[in-house]
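Trainee: What follows is a predicted protein model with its sequence.
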Amino acid sequence: MSRFARLWTIAAVIAALAVPATALASSHREAPLISEDPSADNTDVYAWVTPGTHDKLYVIANYIPLEEPAGGPNFHKFSDNVRYSVHISRGDDLNEQVLYHVLFSTSKISKVDVADQNAAPGGGKEFFIQLSGQKQTYRVIKRTRNKNGGWKREVLGKDLEVAPLNIGPRSLEFAYGAGTKYDDTFIQQFIHTLSDGSRVFAGPRDDAFYVDLGGVFDLANLRAKGSAQDGVSGFNTHSLALEIPTTLLTADGKAPGNSPGNDTTLGIWASAERRKFTYRKWNGKQGACGPWVQVSRLGFPLINEAVIGLQDKDRYNASHPKRDVKNFGAYFLNPIVVRDAEAVGIYSALGVDPTPFKFNRTDIIDVVSIHDADHSFTQIGDVLRVDMAKDSGFPNGRPLIGGASPNQEQADVTDVILTVVLAKGALTISDGVDYNDKNILSSFPYLPHPHEGRSEGHGKTTP
């Protein structure tokens, strides 16, 4: 069967897909420059309010794509030279009203004589980094915009410990005691309560995004369910998770209630910033100075990866959502992926005229801005809108919870982008992968525990 015939078969099989065709997906290695800087690469943003009560907002921002669990001896970690940020705007305004900055610091290793064979582990001469005694901590800074446009700055927490890597059972027991398991009980010690009543978690997690990377990036050479491969399966990511009382985010400090509208809606996105100047020291160390410069951002999923053209992806990562219409509006109205799909013969093989999908795609803008009976925004940009006065459901937020089964997020965002952007909802298309390789947790921080390096890496057993 040809690849085009398979595409038609997939479309026919999932024509009754239950998830509405109204959203997009995730961003891993989506731009040329950020693919060279994985520690600062946003991969996913999830955001939703507590179902029913709406008393908490959950924001999960992931960084570092496709972390191999067994990838030592220098395993992935948050960078001490990156400022990781969560931006929150209110109503019909894309200017941030609340900002959370998270900055990391890795402890130094004391030096010992390498010839001293009696030196205890932790002296800095170890072969294994997990014997070095290093720990990474972080501080959380909140900035709130005042009525006059200025900013109030608060340090909500400092010297907070990052959850450790899941390298293997011997490493875990050496550091935390015999019988320690990387489970729900273990990670509770790395969930920290901040001074304003919010909670935070930072550390490695399973990457809960699922997609047939191999099929999608071979010019949409899709495979049917059963033969499709989850290209993110078995990989970890580094996650920042925030649990914020919604009374801290409303304009008047009151509960958001149950009457949805512009006034109770937030715009949420995450970013990573580096200092403007980086330099090398004589001893091989790296230094940085100057103002912070944004190098990555992510709001409504997969906008940069699937909508913005290759020549503008780096520019997009450096820009602010409030300038998206001016700088990138043509990409939203005239999606280039449709043109590319036509070029490789997908539409002709299906006997579908792609002309209605090429131009004036205001439907994409309506989805990004959740334009419906309750909302009407004039300021449009790449933000994930969350109305705090109603239960979240994609594209009103992006909940990790609420999927059809424990290993599914609330909406299969990959299928939705294929359906919306390529076919305007007229033809339902799937990548054939519809669940994660681990179950999503039922409580904070929600993302599954990270894969273990010793037993769950991508190596193959040799005979």
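Mentor: Now that the structure is in, tell me what you want to look at. Bear in mind the structure is a predicted one, so any value in this text is a computation, not a measurement. Numbers count the residues shown, from 1 in each chain.

Trainee: Need the pLDDT of residue 412.
Mentor: If you check residue 412, the pLDDT there is 89.

Trainee: Quick check: it touching residue 434?
Mentor: Yes. Between residue 412 and residue 434 a contact is recorded at 5.4 Å, counting by Cβ atoms under 8 Å. All C-beta atoms are positioned from the backbone trio N, CA, C, and that covers glycine.

Trainee: Please identify which of those two sits among more neighbours.
Mentor: residue 412 (27 against 21; other Cβ atoms under 10 Å).

Trainee: What does the more buried one show for phi and psi?
Mentor: With angles defined as degrees, to the nearest 10, residue 412 sits at phi -80, psi 90.

Trainee: And the one 5 residues further on, by the same measure?
Mentor: Reported as degrees, to the nearest 10, the phi and psi values for residue 417 are phi -70, psi -40.

Trainee: swap in the one 3 residues further on?
Mentor: The phi and psi torsions at residue 420 (degrees, to the nearest 10) take the values phi -70, psi -50.

Trainee: correct me, but it touches residue 364?
Mentor: Yes. Using Cβ under 8 Å, residue 420 is in contact with residue 364, at 6.9 Å.

Trainee: Who has more neighbours out of the two?
Mentor: Ranked by neighbour count (other Cβ under 10 Å), residue 420 and residue 364 place residue 420 first, with 23 against 20.

Trainee: how close does the more buried one sit to residue 28?
Mentor: Residue 420 sits at a distance of 20 Å from residue 28 (criterion: Cβ to Cβ, to the nearest Å).

Trainee: and residue 310, how many neighbours does it have?
Mentor: 9.

Trainee: Got the confidence number for the residue lying closest to it once chain neighbours are set aside?
Mentor: Take residue 310 and drop its neighbours on the chain: the residue closest to it by Cβ to Cβ, 6 or more residues apart in numbering is residue 32, 7.6 Å away. On the pLDDT scale, residue 32 is placed at 91.

Trainee: Near residue 32, how many other residues are there?
Mentor: For residue 32, using other Cβ under 10 Å, the count is 12.

Trainee: ok, it - contacts?
Mentor: Neighbouring residues of residue 32 by Cβ atoms under 8 Å, 6 or more residues apart in numbering: 310, 313, 314.

Trainee: cool, and residue 53?
Mentor: Here residue 53 is in contact with no residue (Cβ under 8 Å, 6+ apart).

Trainee: Compute the first-to-last residue distance for stretch 66-75.
Mentor: 12 Å (Cα to Cα, to the nearest Å).

Trainee: ok, and for that stretch, which residues are buried?
Mentor: 66, 67, 68, 69, 70, 71, 72, 75 (16 or more other Cβ atoms under 10 Å).

Trainee: Rounded mean pLDDT for it, please.
Mentor: For stretch 66-75, the mean confidence score works out to 94.

Trainee: Check what contacts it and list those residues.
Mentor: Counting by Cβ under 8 Å, 6+ apart, 28-29, 76, 127-129, 165-167, 204, 207, 232, 234-238, 450-454, 456-459 sit against stretch 66-75.
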